[in-house]
Structure formats: C-alpha cells, structure tokens
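In: Give the three-dimensional model of this entry:
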Amino acid sequence: MAHGGNSDSTFPPVDVDGVLNPGSDKSFHVDPVSSQVDKMNPKENKAEAAAEKKKKCCANKDPMQTLKTSIIVSGVIFAVIGAVFAISKKMREK
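Out: Numbering: from 1, shown residues only. This next block holds a predicted model:
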C-alpha cells in the first residue's frame, strides 16, 4: 500500500451507523450474484436436486430393505420347516 500524497487509492465511503448498528438499517441489501444463482436454470437445478434426493433416499433404504427381506424370508422358511415337522409327526401317529 502506497503511503504519501497519492489520493487516488482511497476507500469508498461507508455508512458507519448502518455497519455498527445493523438493527437500525431498514434497507435490505441483496448480493447480486447469490440472487441470480437460482434464476440461472431452475429446471436443471430442480431435476438435480430431485435426483440427489432420490439417490440419498434409495441409499438409506437399501440396507433396511435388505434386512426386512431377509427377516421375512427367514420367517417363511421357519414356518415351512415347522409345517413339515408337524405333518411328519401327524403321519407317524397314524
């Protein structure tokens, strides 16, 4: 930073009251770049968000779905084996 009589490189004026007391500042300043991000391509952004949401949902569901399926299959196999034993016991009694 240059020192001396070079007055061309001065800072722009600042609203000191607005900076030090943000509650008293009634005007809302919007960042022009951030406000334009959503407007660039809303259909593409929504499609990407939906795809990511579905991917996360499926990723979380897969282990749970696998566990449920294995429990159900085990239960059915247990019931079939129980039925076979019950039928074989009845056949022996006769």
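In: Leu67: what secondary structure?
Out: Judged by DSSP: H, G, I helix; E, B strand; the rest coil, the three-state class of Leu67 is helix.
In: Do you know the pLDDT at it?
Out: The model reports Leu67 with a pLDDT of 90.
In: what about Lys26, distance to Val19?
Out: Plainly put, Lys26 is 14 Å away from Val19 if you go by Cβ to Cβ, to the nearest Å. All C-beta spots, glycine's among them, are computed from the backbone N, C-alpha and C.
In: Compare those two (neighbour count), which wins?
Out: A count of neighbours by other Cβ atoms under 10 Å puts Val19 above the other of Lys26 and Val19, at 9 against 6.
In: Packing partners of the helix or strand harbouring that one?
Out: Using DSSP states H and E, Val19 maps to helix 16-20. In terms of contacts (3 or more Cβ pairs under 8 Å, 6 or more residues apart in numbering; DSSP states H and E), helix 16-20 is packed against no helix or strand at all.
In: C-alpha coordinates for it, CSV please?
Out: C-alpha atoms of helix 16-20 as CSV (Å, rounded to 0.1, in the frame of the first residue of the first chain):
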residue,chain,number,x,y,z
VAL,A,16,-20.9,3.8,9.8
ASP,A,17,-24.2,3.8,11.6
GLY,A,18,-25.6,1.0,9.4
VAL,A,19,-22.5,-1.1,9.8
LEU,A,20,-22.2,-0.7,13.6
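In: how close does Val73 sit to Gln65?
Out: Applying Cβ to Cβ, the value for Val73 to Gln65 is 12 Å.
In: now do Lys90
Out: Distance, Lys90 to Gln65, by Cβ to Cβ: 38 Å.
In: do Leu20 as well
Out: Note on Leu20: its distance to Gln65, by Cβ to Cβ, is 56 Å.
In: what ranges do the helices span in this structure?
Out: Assigned by DSSP state H, the chain shows helices spanning 16-20, 32-40, 42-93.
In: For those helices, give me TSV that also has distance to Ser9.
Out: Formatted as TSV, the helices of the chain follow (distance: least, Cβ to Cβ, whole Å):
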stretch	distance to Ser9
helix 16-20	21
helix 32-40	25
helix 42-93	40
